[in-house]
Structure formats: C-alpha cells, structure tokens
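In: model this:
(chains A, B and C)
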Amino acid sequence: MTETRTADVRSDIPAVEVDDVSVRFGAIKALSGVSFTVEPGTIHAVIGPNGAGKSTMFNVLSGVYKATEGQVRFGEHRLDQMRPFQIAGIGVARAFQNIALSATQSVAENLMLGRHHLTKAGFLAAGLRLPRATREGKRHGERVAEIAEFLELGDKLHTPVGVLSYGDQKRVEVARALCTEPRLLLLDEPVAGMNAEETARMAEAIREIRSALGISVVLVEHDMGMVMSLADRVTVLDFGRRIADGTPSEVQRDPEVIRAYLGSGDETAPGAAATGAGATSSDTDGTRS
Amino acid sequence: MTQFLSLLLNGISLGAIYALIALGFVIIFKASEVVSFTQGSLLLLGAYTIARLSKPFGFWLAALAGIAVTALAALIVERLIINRLRGAPVISLAIVTIGVDIILLTELIRRIGSDILNVPHPWGGRSFRIGDVGISQNRLIAIIVAGVLIAVFFAAFKYSSWGVAMRASAEDGETAALMGIRLGRVSALAWIVAGALAAVAATFLVGAPTPGVSPAVYGVALRAFPAAILGGLDSTGGALVGGLLIGLAESFAAGYQDQLLFLGRGFGDVVPYVVMIVVLLVRPSGLFGTKELTRV
Amino acid sequence: MSESTATQTRGATRATRTSTAPRRSPVRLIVMAVVLVLALIAPLYVEEFWLRTGFAVFGAIVGAIGLNLLVGTTGQLSLAHAFFLAVGAITYVYVSGESGGIGIVKLGGLGWPPLVGLILGVLLAGLAGLLFSPIAARLRGIYLGVASLGLVFIGQHLLNTWTSVTGGFNGRAAPKFSLFGFQFANKDPLLFIAGVEFREAERLWYLGLVIALAAYVFARNLLRSRPGRALQTLRDSEVAASVMGVNVQRYKGRVFLVSSMYAGLSGVLYALSIGSIAPESFGLEVSIQYLAMIVLGGLGSVGGAALGALFISAMPLVFQKYADVLPFVGVAGQGGLAAGEAARFLYGFAIILVILFEPAGLAGLARRFRRRGRDPGGGAAAAPEPEPTSRSTTDVPSDRPAQGSST
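Out: Numbers count the residues shown, from 1 in each chain, chains lettered A, B, ... in the order given. Predicted coordinates for the structure are as follows:
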C-alpha cells in the first residue's frame, strides 16, 4: 500500500510542475504536450511501454534535452531554461539508468563528485593543497561516508566501483545523487536488472529516503509491483503523450493504460502485476523508454 | 581580374583535391567513429607508389597500382588495429591512428630522402587557357575526376546498400548490428574507400603546378583536415564545402601574398587552419555537422 | 584512471568515517624516497652527458604531466602542445634576451632577469591557452584534436616570420638562467660541493629536479581533489558530469589553461636545455612525441606520464650517443636508421602497442606487479583490474532518437 505523505515534508521543497512539454527531434516528436505535477515530498512514478518517452522526460527535467515547447517549473526556477549543472545547483539530482560512474575510481571518490556543487576548491587551491581545500574535503568526506552507510555501502567506500556487483553499483548511483543534498531526486530505473532481493532492498531504501529526508522523488520504472507499492502518484506515458495520471490504483484500472500495455503485447502491464505476478523487469538494458 | 579568375579556378581545383581527402576522413568517421589521422601518410604512400612504379610500368598502371596499394594499406590498418579496438574510447582510437601515421610517414620519408620524385602525367605541365585565364591541365582534370568521384560517392551513399548500411551504423551501431549489418565489413569498406580517395588526390597533388613527390606533400595533405572539420566531421556534404573553402582561401591568400605581407610570408600555407578556427568559434560542430542533442 | 588506486581492494575494511583516501602503499613511498635521494646526489657521481640528459628529461616530465591532465585525465585530445611549448620558450628568450643580432637579423630583447622571463613564459603560455579555450571548451574531445593541429602550424608560421622576436628560421640563442645573481653557468660563482665542481650541468640538474617535483606534486594534488574528480568525470561522460553539477565548459577551458601553462614551463626548460630555440623544434612531431609519452606512461596517470617522458625523451639522446654500438642506428640512408628516425619509429610503435595490448601503459604494468607482489599466489582473492568506462561519449540518455544530417 502506498504511504500517505509523511508529516515531515520540508517546507523548502516546491512542487515540480511539468507544463505542456513537447520535445521534437527533427521529424520525431518524443514528447507531446505532457503535463503533470509532482507534489512536494511525494514519490511520483512515470511509467509507460517502451519508447513512451520516459527517459526523454527525465532528460528534460535534468536539462540535458531542451524542450521544444512548454515549461518545467520548480519553485521559482524554470528548469527548461537552465543548463544541467545549474539544475544540479538548485537541488535536482539524478541517478542514471546506465551506470554513469567512474569505474576505476573508488566508491568514495565517485560519491564525492556529488558534493561538487556544494564545495568550492578550485585548481589553485587544490593543486597547492591549501588548508581550506583539505578541510573542505575532509568535512564533505564525512558526510559522504554517512550517506554511504545509509545505503549500506559503508564497508565498500574504498573499493573501485568497477569491481562491485551490478546491484551495488546501482546503489552507488543513488548514493551519489543523494550526496548532492537534493530537494528533488530523479531515479531512472533504479532496479533495472536486479533480482528480487536487490529490488526489495532498493525499494526499502527509497522509502527510507523519502521518510528520512522528506524530499520529492520521481521514479521511472518498469517493475510494476515496485511502482504500485512505492508511488504516491503515477503518470503514464505512451508514444510521448500522457494517457493517465493518478494514484496507483486509479491508474491500474484505467482502460487507456491497459490498452496501451496489452495492445502492445507488453507483459509488464500494470494489470499483470496487480494479479500478484510481481514481475521483475524482463527488459533490462538497451531498451528505449 | 584575370588574376582573380585564375586564382578562383586554382582554388576550386585545389579545393576539389582537398575535398577528396576530407571525404575519406568523413567516411571513416561515419563508418567507424574513428578520427583517422592516417590520411596524410596514406596519401604520401599513394604518391610514392605511383612515382616509383611509373618508370617501369608507365603512368596509368602505376596510378592504378598506387590506388590499390593505398587502399590495401588502409584495409590492413583497419583490420589489424582498428578492428581490435572496437569499443575502446574514441580518443584511444584517434591516438592509435596517429601512431600508425607516424610510422608510415617516417618510413616513406626515409625512402624518399631529399629527392623529389617525378610523376610523368600524360598531360604534363600544359595549361588550359580561356583568354588570359589559365589553369593547369592537371588541375582541370582533377576537378573533373573529383567531381565524378564525389557524385558517384553521394549516389552510392544514398542508394546503395552499403551506403544505407553505413548511415545506419553511424547513427546507431548497436541496432544496426542487431539488424544484421556487419559493422566490421562496413568499417573495412570505408577505410578502403578512404585510402583510394587519398591516392586519387595524391595523383593530382603531385602534378602541375606543384609537381613532385617529396615529404612536403604530407604537409599539404594535412590541410584537408581543417576542411573536414569545418564542414562537420560527420557530414559528407560538409567535406565538399569545407574542401572548396579551404582550397579557395589558400589560393587567394597565396595569390595575393604581396598585399598580405604583414601576415608573414607563406601565410597561404597557414590560412586553412585560421579559417578552421574562425569557423569553429562560431559553429563548434562545423558548418554542417550534427549539433549535439544533449546540452551540457 | 585514478591516482588513489585501489590499495585496499582485498579485505573489506571497517568503514572509516572520515577519510576518502585509502592508505598509501609503503612500498611506493620507499621507492620514491630512494629515487629522490639518488636524484639529489647524482651530480656528485654522474658525468655531464647524463646530467644534461636528465635536465632535458625533467623538462619533458613537466610537459608530459601537463598534457596528461588534458588528454589523459579529461579526455580532450590535443596536438597543440608544441605551440604552447613554443610560447613559453620564445617568451623567455625574448624577455630575458638582449637585443642585437647577427648581420641583417635584428633581434629584440628586454634583458630582464631570467626568473621574470621564466614566469612570464609560463603566464603567456597560459594566456595563449586562455585565448584558445573558448574553442577548446566547446568542441567535442575529438574535434579538438584536429582543431589543435591548427595551432601548431600557426605557431610555426609565427616562429618563422616574426623574426625580431623569434629569430626567424635560424632561431636565436637562449640566455642562461640565473636566480638572484646565482648564475646557472660554469661560474659566477665558482662552486665546489664535496670536492666536485658544480658547473652548468650540475646546477641545471637541481633546477630541473625542483621544478619537475613541484609539477608532479601539483598535478597529483589536483587529481585527488575536487577539480580532479570533475575532470575525470568529464572524460567518462560530459553529460553525467554536467548533471552532477560540473560546469563542463568552464572546466574544459580551465584544464586547457593549466595544460598550456605546464607546456610553457616545459618550453622554458627546453630553451635552457638546448641553449637556443628554432622553429623546427616546435613542430607537429613534438606534439606527437609528448602524446607518445603519456600514452606509454598510461593515459591519466601522473607518475606514468613522468615515466613515459623519461623513456621517450631520453631515447633519442641515448641512441645518438651509442650510435656505433647499436646495430640499427646508422647514418640516414645508408641502410641504418638515423637516430631521429629510430626515435620516431619508437613513438609510433609505443603508441600502437600500448593502446592495443596494455592501455594502462607503464603505470598499469607497475600496478600489476605491485598487486602480484602483495599476493604471490596470484590468487582469486585479488580483485580483478576494473575496466575503465569504455565510452567517453555524451551517450548517457538511454534513448537516442533519429537525428543527423541526411548525408
């Protein structure tokens, strides 16, 4: 069952308003007039069959793609007019679907990248090893270690990411996003390719993130069981359009949604999950979403 | 005015030659995502082969042999080295082509030494004149041959199955492979074509008005790189436009050198690079290159 | 490739709440200490040829470390290194040189103290880097490789034509270095240490050693800190870096600037090493030589860059000295290879072989030996060498719609 909004939602987190967003690449319209709102402190899932435009949506939210039309508002900021690093600076973090970590560097070093926009040491200060740079590094290193513990990565802090299991790497992705101290967390298929046990652990972690930090979470996922049990609200995309938006139970019963999934012969339809199949995602990497 | 027209013609002919080299560069990039720095030494290989073989075998056979040898050399590089590095970071691939280039170049320079080898073109050093405006026959034929080759290439690119395969693999290699396209074969063919184009360019480059094969030819060939870049590394049309632009710029800069003395003697040799930098300032992806979809 | 490598991959350790850097390996420290001591006492025992070679190597180390920051750490291919070397060298020669000249060639010169010349050399090279950095910042890594070619040729053109400053085709002499009156020459003052006469070569050796060490330490500090992490992420994925908050264009511009300053410093050292400068010393071949150094050493590794610089820069000098002993080195065109040619073949093969078979270069080899040394059984307990992220593309978004030019 989905949790109701927890009492300790932070007051400094605004809603995310996606307003009539379209994205066109040449002749292809990846998103057409998509609108939805992510209420502060909620877990909001974006689902849809393959090719629906979910990752395109994420890229718009992170500033990686430019919206051809429409706006994305996060409080007073217009995300659609900002560059990705600026968006990170106002507290929007993203964990990537394909692991975008540095394999040869340790977990701690990867996590420290998340602190980039919160720290200031420049080339000169770093090269000369000025005390303020070292102090800053130490301070943030402690915080990073805390976050690593939170995601059960504490004993792997100095392991190179490349030798970790896939599940652990995904946790590092999420941890790194958390290290940016976000107000909005974008999770792009956080349990893709995971087995049932890893999925459950990640779902639990996401729940804890929301309840402990009170931040907003937007989730793209194929695993319907997880989505239904975790999300407060669900937006369904198909062929770049929004075809449903509501609570998980509402969306499950929506005929449009059922047609979109079953019509395309997709076995990960919400309906299938509702019957307790608890499907783990059968389409892992390389899929378009 | 006649000087202007002559320089214009000369620039177009030089540009046509550059376009051939640049086209090879772009073909390799589109087919294998490799920025190949070997075009220069491949060109010199072609020139050297033609020069050496034309005494025993005559010009035409030597030219054909030159094209064959260069294409073969390109294929060897692709099979032995590039193919083994599929999936490696693009920068490693680019650097490895630099390594190949330097080995090939050093060996060729060693053989040529301080000589200037001669290539006996059947059309010699004669000029073709309309009134006072002239152009060497060599360059005139270069324009025609280049034009034909480029047209053939564009047609093949658009309509032949190889062209389709190459465009597909350039856009999305994974899907192309899943659809049955042999990426290795596309890549190998691209290198062969690039080598052949370089050899054809070489044939004309070592004729009038700049006859002779010497290590300096390598430096001339390098100027096709700015042509490819400023047109857009992944645009075959861009290679054509870039080549012409560079050829014209060089021709005019050299022709009006006396008026441009403040820029230093020999500025014509450097003007391709200046033009390239200017274009890149305004258009970081080149004139017709694909702009990045993603923002950083 | 990270500098703080996995020295603790085996055996999970307790989570330390504070440190983000693992324990430094004691073996490494001992080796470095030994090398340092040897370097300090070398001039007392070693003959002049080797000292001069050593100084040239120190200069190359500085340049290689700088190029590595740009190409290895950040993934931006650049062939313009020779240009920035030239800027540094020319600035030094002009600022600290005397005006005058031989015959018809009029040379300008400011005659300022050599230390000023050196500093200005570094700064002007940096300024040149800054001027080019808007391009460097906005080009994709590979485009930069070709675009940077332009700088080398433009640079050589300037060297050949700006005669009053550069001496034109024939070049000009480089003034000897001095530091607050202490001449780095054979006298002024006459100096004897431990019974050994400290002439120019000995003095330059220490100058080079100090500068190379400083360059090395600065780069290592850089890589282990905030900017270093940002740069390494740039290499792996610009999109990921940007999403994580890294201002990609600013960092690409800055690393280009830092790299060009290193090159400027290296250029000054080069001028001191040879005693003169000429346009032919700053051609494309030199850029490629530096590229070979960092590839051989292992892209991304500071120590590797230094090792690569040692091999590649010392090799031609050694070839030349022992030409009669080495079988393949002979007189050009007479069956053997000239020293220069042999060296160039070396660069090419080093690049190809390293990239094909051991992309982590000498640094990677060293790491493997260290790991085997710690675990002589070669057991499975040793963590496998992690694969570096292979694609340095902007390919992070998972769906790529149809795009592109129609041809």
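
In: give me phi/psi at the nearest residue to residue C:173 once chain neighbours are set aside?
Out: Spatial nearest neighbour of residue C:173, excluding adjacent residues (Cβ to Cβ, 6 or more residues apart in numbering or on different chains): residue C:276 at 4.7 Å. C-beta: built from backbone N, CA, C; applies to glycine. The phi/psi pair for residue C:276 (degrees, to the nearest 10) reads phi -160, psi 170.

In: quick one, helices of the chain?
Out: Picked chain A for this. A:54-62, A:84-89, A:107-114, A:123-127, A:131-150, A:166-179, A:196-213, A:224-230, A:248-253, A:255-263, A:270-272 (DSSP state H).

In: um, chain C though
Out: Going by DSSP H, chain C shows helices at C:26-45, C:48-68, C:81-96, C:114-138, C:141-161, C:163-166, C:200-223, C:226-236, C:238-243, C:248-274, C:284-297, C:302-321, C:339-357, C:361-374.

In: so where's the stretch 101-250 of chain C uncertain?
Out: By pLDDT under 70, the low-scoring segments of the stretch 101-250 of chain C are C:101-106, C:188.

In: near chain B, which residues of it are found?
Out: Proximity of the stretch 101-250 of chain C to chain B (Cβ under 8 Å from any Cβ of the partner chain) is limited to residues C:134-135, C:138-143, C:145-147, C:149-151, C:153-154, C:157-158, C:160-162, C:238-239, C:241-242, C:248-249.

In: could you redo the last one with a cut-off of 6 Å?
Out: C:135, C:138-139, C:142, C:145-147, C:149-150, C:153-154, C:157, C:161, C:238-239, C:242, C:248 (Cβ under 6 Å from any Cβ of the partner chain).

In: can you pull the phi/psi pair for residue A:48?
Out: Torsion angles, degrees, to the nearest 10, at residue A:48: phi 160, psi 160.

In: any bit of stretch C:61-71 sitting next to chain A?
Out: No - counting by Cβ under 6 Å from any Cβ, chain A has no neighbours in stretch C:61-71; the shortest distance is 9.8 Å.

In: what is the mean pLDDT for that stretch?
Out: Averaged across stretch C:61-71, pLDDT comes to 97.

In: for the closest residue to residue C:178 other than its chain neighbours, what are its contacts?
Out: Nearest non-adjacent residue to residue C:178, counting by Cβ to Cβ, 6+ apart: residue C:114, 5.2 Å away. Counting by Cβ atoms under 6 Å, 6 or more residues apart in numbering or on different chains, residue C:114 makes contact with C:96, C:177-178.

In: same deal with residue C:297?
Out: Contacts of residue C:297 (Cβ under 6 Å, 6+ apart): C:304-305, C:307-308, C:361-363.

In: for residue C:254, same thing?
Out: Per Cβ under 6 Å, 6+ apart, neighbours of residue C:254: residue A:123.

In: mind pulling up the pLDDT for it?
Out: At residue C:254, pLDDT is 94.

In: measure it to residue C:143 for me?
Out: Distance of residue C:254 to residue C:143, computed by Cβ to Cβ, to the nearest Å: 19 Å.

In: that older thread, turn the helices of chain C into a markdown table, including distance to residue B:126.
Out: What follows is the helices of chain C, written out as a markdown table (distance: least, Cβ to Cβ, whole Å):
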| stretch | distance to residue B:126 |
| --- | --- |
| helix C:26-45 | 66 |
| helix C:48-68 | 49 |
| helix C:81-96 | 41 |
| helix C:114-138 | 43 |
| helix C:141-161 | 33 |
| helix C:163-166 | 39 |
| helix C:200-223 | 59 |
| helix C:226-236 | 54 |
| helix C:238-243 | 54 |
| helix C:248-274 | 48 |
| helix C:284-297 | 35 |
| helix C:302-321 | 46 |
| helix C:339-357 | 38 |
| helix C:361-374 | 54 |
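
In: quick one: closest of the ones you listed to residue A:146.
Out: helix C:226-236 (18.6 Å; Cβ to Cβ).
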